[in-house]
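Engineer: Kindly return the folded structure for what I paste below:
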Amino acid sequence: MAKKHAVPPRLRQQRLTALRNLKMAKSAHAYVRGNVVQFYDWLEQAGRVLPQGPEIWICGDCHVSNMGPVSDVDGNVDIQIRDLDQTVIGNPAHDLIRLGVSLATSARGSDLPGVVTAQMQEELIAGYELALSPSGHARVERPATIRVVMKRALKRRWKHLAEERLQDTTPDIPLGRKFWPITANEQQELQALAASDAMRNLVTQLIHRKVDAPIQLLDAKYWVKGCSSLGYLRYAVLLSVGRADKGKPDLCLIDIKEALRAAAPHAKGSPMPRSNADRIVQGAKHLAPHLGERMLAAKIQGKSVFVRELRPQDLKIDLDRLTSREAMGIARYLGHLVGRAHASQLDRKQRQQWLRDLKLQRPASIDAPSWLWRSVVELIQAHEGGYLDHCRGFALEQAQQQD
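Structural biologist: Numbers count the residues shown, from 1 in each chain. Reported below is the predicted structural model:
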């Protein structure tokens, strides 16, 4: 029954565009997540003067769902940034604004009053500044919502990943809504990648796998996943690592994703890798070391892609319904998380200077920089209008298709 929802390669692009529009019409928060290009367009059009922070690797798309538990190759799990598609060497103020907008959208989705949104921006900047301070190594207490997702991550095993991603634990990737057939040429290129030394080095990093273990491609499909990435190359590849006659082989699920040009503006004088995939891997190593060590850059269909093995412990943070207290605790915690990722790239003198710059322009009415608060307010207004226009255009398009 599920196979009838699988789309052949010749119809792939048309269907992906429709799915992306549908996803973005589901909620204002989904619209924010899928609109990083418009985010930077709106930010630039506003003409707002932002502090020029130190030139470091930034996430570039620093919203709530792009953070969560991430496992390293030794099985250690920590909350880190988990999506680096937009990473560049740029202005850290952009990460603060993007996260501020995401938190504000979550507050609106939880029907929290506007004063809570203002308080969340205060907590965001307080947590971030703490990470830059001499005592920044001290961790901010994890809110209950974060502790729940972390506890869940620590309990997960391969079967949970397989049942969640593949709908089954059998060694294949079922055709259906999420997984579509690939062309013979795509199959050939994915087979070659699976047999490469680079892939071997990637999948045998886990402590319990042998470096010389045989690797076999069991299945590969086009993966209908994400929102901003819909319409670009995305593959799920299932590998076995190890011989059946020496014990049951490991199964590993590989995510291969097209590396797009970053929408986030980069520092002109700072050298970055020319390849978008190399840029993403490099940024991940600086901002999310658990994830960065599990990634590699490659090419499929002549396009730059980055590759990572998905681990059962990798989860995203979803904020459904928040109380005022939860919202402020999460804002402080995530602000500190991003602050630590930024501070790890700075020496003591640079941290002190950036901290001094952040403490400027504090209005009497709110203990957050005026540039941050005003940017968040204006961008929320722009996103609300853009979201409604998107929904109207999507509804009209659907009506025309039904006529």
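
Engineer: now the end-to-end length of stretch 314-332.
Structural biologist: Across stretch 314-332, the terminal residues are separated by 22 Å (C-alpha to C-alpha, to the nearest Å).

Engineer: give the contact list for the closest residue to R340 other than its chain neighbours.
Structural biologist: If the residues on either side of it in the chain are set aside, R340 comes closest to A131, at 4.6 Å by C-beta to C-beta, 6 or more residues apart in numbering. For glycine as for every other residue, the C-beta is placed from the backbone atoms N, C-alpha and C. By C-beta atoms under 8 Å, 6 or more residues apart in numbering, A131 lies in contact with 335-336, 338-340, 342-343.

Engineer: ok, so of the residues you listed, who is nearest I125?
Structural biologist: G335 (6.4 Å; C-beta to C-beta).

Engineer: Excluding sequence neighbours, find me the nearest residue to the closest one.
Structural biologist: For G335, ignoring the flanking residues on the chain, the nearest one in space by C-beta to C-beta, 6+ apart is G127 at 3.2 Å.

Engineer: Distance check, the residue nearest to R340 against R82.
Structural biologist: Here the criterion is C-beta to C-beta, to the nearest Å. By it, A131 lies 18 Å from R82.

Engineer: Ok, L124 next?
Structural biologist: Distance of L124 to R82, computed by C-beta to C-beta: 19 Å.

Engineer: higher neighbour count, these two?
Structural biologist: Taking neighbours as other C-beta atoms under 10 Å, L124 and R82 compare with L124 leading, 28 against 20.

Engineer: What is the three-state secondary structure of that one?
Structural biologist: The assignment at L124 comes out as helix when based on DSSP: H, G, I helix; E, B strand; the rest coil.

Engineer: State the pLDDT value of the residue nearest to G335.
Structural biologist: At G127, the model reports a pLDDT of 95.

Engineer: Which SSE is immediately downstream of the strand or helix carrying it?
Structural biologist: Assigned by DSSP states H and E, G127 belongs to helix 114-132. Remark: after helix 114-132, the chain's next helix or strand is helix 144-155, criterion DSSP H and E.

Engineer: And the pLDDT at K26?
Structural biologist: pLDDT at K26 comes out at 69.

Engineer: brain fart, A263
Structural biologist: In this model, A263 is scored at 90, pLDDT.

Engineer: Report how many residues lie close to the nearest residue to it once chain neighbours are set aside.
Structural biologist: Nearest-residue entry for A263: V37, 4.4 Å, with adjacent residues in sequence omitted and distances by C-beta to C-beta, 6+ apart. V37 sits with 15 neighbouring residues when counted by other C-beta under 10 Å.

Engineer: May I ask which helix or strand of the protein has the lowest mean pLDDT?
Structural biologist: Least confident helix or strand, the chain: helix 28-33 with a mean of 66, by mean pLDDT, DSSP states H and E.

Engineer: packing partners for the helix or strand that that one is followed by?
Structural biologist: Beyond helix 28-33 on the C-terminal side, the first helix or strand identified by DSSP H and E is helix 36-45. Where contact means 3 or more C-beta pairs under 8 Å, 6 or more residues apart in numbering; DSSP states H and E, helix 36-45 is packed against helix 92-109, helix 370-402.

Engineer: Quick check: mean pLDDT of helix 36-45?
Structural biologist: Helix 36-45 shows a mean pLDDT of 82.
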